[in-house]
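# any chance you could fold what I've pasted below:
(2 chains)
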Amino acid sequence: MSTESLPVKTKAAANLAKSADSPWRLAFRQFSRNRLAVAGFIILLVMAVICFIGPLFSPYNLYDYSIKDKNLAPNAHYWLGTDKLGRDVLLRLMLAGRISLLVGIVATLVTVLIGSILGALSGFYRKFVDTVIMRTADIFMSLPTLPILIILGTVLSDLKVHPSYRIYFLMLIIGLLNWTTLARLVRGQVLMLREQEFMQATEALGLRDRRKIFRHLLPNTVPIIIVTATLSVASAILYESAMSYLGIGVVPPTPSWGNMIADANSLIDFRKRPWLWIPPGMCILITTVAINLIGDGLRDALDPKSKK
Amino acid sequence: MRQYIIRRLLQMIPTLIGISIVVFAITALVPGDYITARNNPNMTVEKAEELRRLYGLDKPDIQRYFIWAGNMLQGKFGDSLQHKKPVLEVINTYVWNSFIIAFCSLVLSWFFAIIAGVFSAKFQYSLLDKLITLFVFVCMSLPSFFIGLLVIKIFALTLNWFPVGGMTTGGLNATGWAYVKDVAYHGFLPILVLTMLSTGSLTRYFRTSMLEVIRQDYIRTARAKGLKERTVIFKHALRNAMIPAITLLGFELPALFGGAIILEHIFIWPGIGQVYLGSISMRDYPFMLGFTIILAALTLLGNMLSDVLYGVADPRIRLK
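Next comes the predicted model:
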């Protein structure tokens, strides 16, 4: 190799490196150009920080409230007023936010776990496994989601599940009913990926199926999983809040945005004390809009083909 | 085509059986039944047992499933325990109230979505487009119950423009035209909210579809012919953009007859959704199971319908 040609080569290599930025960095750049998506991300971040750190700075306590301060309108001491027991609405709102965000995220993790594994198995093994999994998916897809959630919520009430364990069951139920979309998407990806050269290489290396699926196929479906998961956090939060509003989701004393809105069921609170139920509603709205904006931005950045 | 439809209908059978097993299993999980849910203080233990025997609630779950499934196959949905009437009769009484608001909001949301989608695509990246996009996201993320409550608070309580709930004014007993006007007056708010909820994703759909179409050669040809821009957009582009949207019509089927559970609850609208919600909390199993199966069947039919419609609208699609 002659010495003169070396700089030329390195330059070419540098150019190549520049144009071949990692796909993640490209996606990040694409995402940060989407102003709505970035706005959504910032809003969600602020919301999460307020909910998780805010209560630490609150002068009030959920268990140590003064009944003489009940039903106060927003004022300098209680920024969002107090409820019928004299509890600070702002503090409850932040604690409720923790619960609602957690339910949304954990339910989505359940969805991702089930959806991606079943989808990958279905696409990888095809034939009988595929038939069984996809027919099951058909059944779950044609179940009316909200009614089934309501029925399962009443089952939880009838089984007398303790209020503090109830949120775990909720996360599980909401996650379980949501896996089909992701499973189908992952299956489609795996069906396509398994025909590519790198899978022939894994065949040649004699890797075990488990390794092929979890180390080689699933990592390639991560973009699609991230996009679907983000959007499903929003729908999980909406489902949780609707159930809690009906009194069969997260139940008092655990606050959630949904069950705070249930205060509006009393006509006097509904009419005269809007500070009890409008703030939690706005929080749900803002959070879900933000998450949907992020999800859309991620879809543009990670998975431009599936743009609908 | 007929063959295709028949095959699709046959394919629904195993799915429906699966659904019936899942739904029945869930209700069998519940320790309470209709008799405990009623909480009647005069109910003695013997009386409760007798009633259970009468309703067939004392048999083992598997046996009850087969009895129930066998009756369903013969079209016998049984009697609603709560309404003391056949399930199908109860459905027939209430489903049309739900249908009215669902149908109106279907028409309105398609109308608004088409307009918004067309203009959003025509002026892509303009301020209008951005506003519409933001509006779409808000609509797609609306918690229905909160928006319902907010709308009642603003338009019914504060401004006093519309009634708080219900479907007719109590004691009015209007007939004919006055009745229609009364129902429209009561239905305005629920229809508004339902329309908002579905306009979002539809608008997005039409926008994307229009964006694809207006880049096609035949649109350029139409413009080159010197046609008016309005003709190009609404006649040449929109018609073609509507083809993929036809499939969406099929998916609307369950929404038309399924009722809006939460909104009917909030607006005290005497629709099937509210009856359904009541049947769940009252453990009225015959109604709850029957209607759930009907909803699932409607979903399956809707999927099939959308595939068939697609084939009808676009002859290039061959159904196999």
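# who in the stretch 101-250 of chain B is up against chain A?
Within the stretch 101-250 of chain B, the positions near chain A by Cβ under 8 Å from any Cβ of the partner chain are B:133-134, B:137-138, B:140-146, B:149-150, B:153, B:157, B:204-205, B:208. C-beta coordinates here come from the backbone N, C-alpha and C atoms, glycine included.
# could you redo the last one with a cut-off of 7 Å?
Taking Cβ under 7 Å from any Cβ of the partner chain as the criterion, the stretch 101-250 of chain B approaches chain A at residues B:137-138, B:140-143, B:145-146, B:149-150, B:153, B:157, B:208.
# which residue is nearest the centroid of chain B?
Centroid check for chain B by Cα atoms, centre = their mean gives residue B:255 as the closest residue, at 1.3 Å.
# go on, chain A?
For chain A, counting by Cα atoms, centre = their mean, the most central residue is residue A:233, which lies 2.1 Å from the centre.
# so who does it touch?
With Cβ atoms under 7 Å, 6 or more residues apart in numbering or on different chains as the criterion, the residues that contact residue A:233 are A:104, A:105, A:108, A:291.
# can you pull the contacts of the second one?
I take that to be residue A:105. Applying Cβ under 7 Å, 6+ apart to residue A:105 gives the contacts residue A:233.
# what helix or strand is residue 106 on?
Here I'm looking at chain A. Assigned by DSSP states H and E, residue A:106 belongs to helix A:89-125.
# to clarify, I was referring to chain B.
Of the helices and strands defined by DSSP H and E, residue B:106 is found in helix B:87-122.
# gap between the residue nearest to the centre of chain A and residue A:240?
Noted for residue A:233: a distance of 11 Å to residue A:240, by Cβ to Cβ, to the nearest Å.
# mutual contacts of those two, please.
Overlap between the neighbourhoods of residue A:233 and residue A:240 consists of residue A:104, taking contacts as Cβ under 7 Å, 6+ apart.
# where does chain A dip in pLDDT?
Across chain A, the stretches falling below the confidence threshold (pLDDT under 70) are A:1-20, A:63-65, A:67-69, A:76, A:78, A:86, A:303-308.
# tell me where the stretch 101-250 of chain A has helices.
With DSSP state H, counting those that start in this stretch as the definition, the stretch 101-250 of chain A shows helices at residue ranges A:127-142, A:145-158, A:163-176, A:179-193, A:197-205, A:209-211, A:222-245.
# could I get these in TSV, plus columns for distance to residue B:245?
Supplementary listing: the helices of the stretch 101-250 of chain A in TSV, determined by distance: least, Cβ to Cβ, whole Å:
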stretch	distance to residue B:245
helix A:127-142	21
helix A:145-158	23
helix A:163-176	30
helix A:179-193	20
helix A:197-205	37
helix A:209-211	42
helix A:222-245	21
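# deepest-packed of the ones you listed, please.
Among the helices of the stretch 101-250 of chain A, ranked by average contacts under mean count of other Cβ atoms under 10 Å in any protein chain shown, first place goes to helix A:222-245 (a mean of 24).
# between that helix and helix A:179-193, how big is the angle?
Here the directions of helix A:222-245 and helix A:179-193 differ by 170 degrees (axes from the mean of the first three to the mean of the last three Cα atoms, to 10 degrees).
# following helix A:222-245, which helix or strand comes up?
Downstream of helix A:222-245, the first helix or strand assigned by DSSP H and E is helix A:257-261.
# quick one: distance of that following helix to the chain centre.
Averaged C-alpha coordinates place helix A:257-261 at 19 Å from its chain's average position (Cα atoms, centre = their mean, to the nearest Å).
# and the residue of the stretch 1-150 of chain A closest to chain B?
In the stretch 1-150 of chain A, no residue comes nearer to chain B than residue A:139, which is 4.0 Å away by Cβ to the nearest Cβ.
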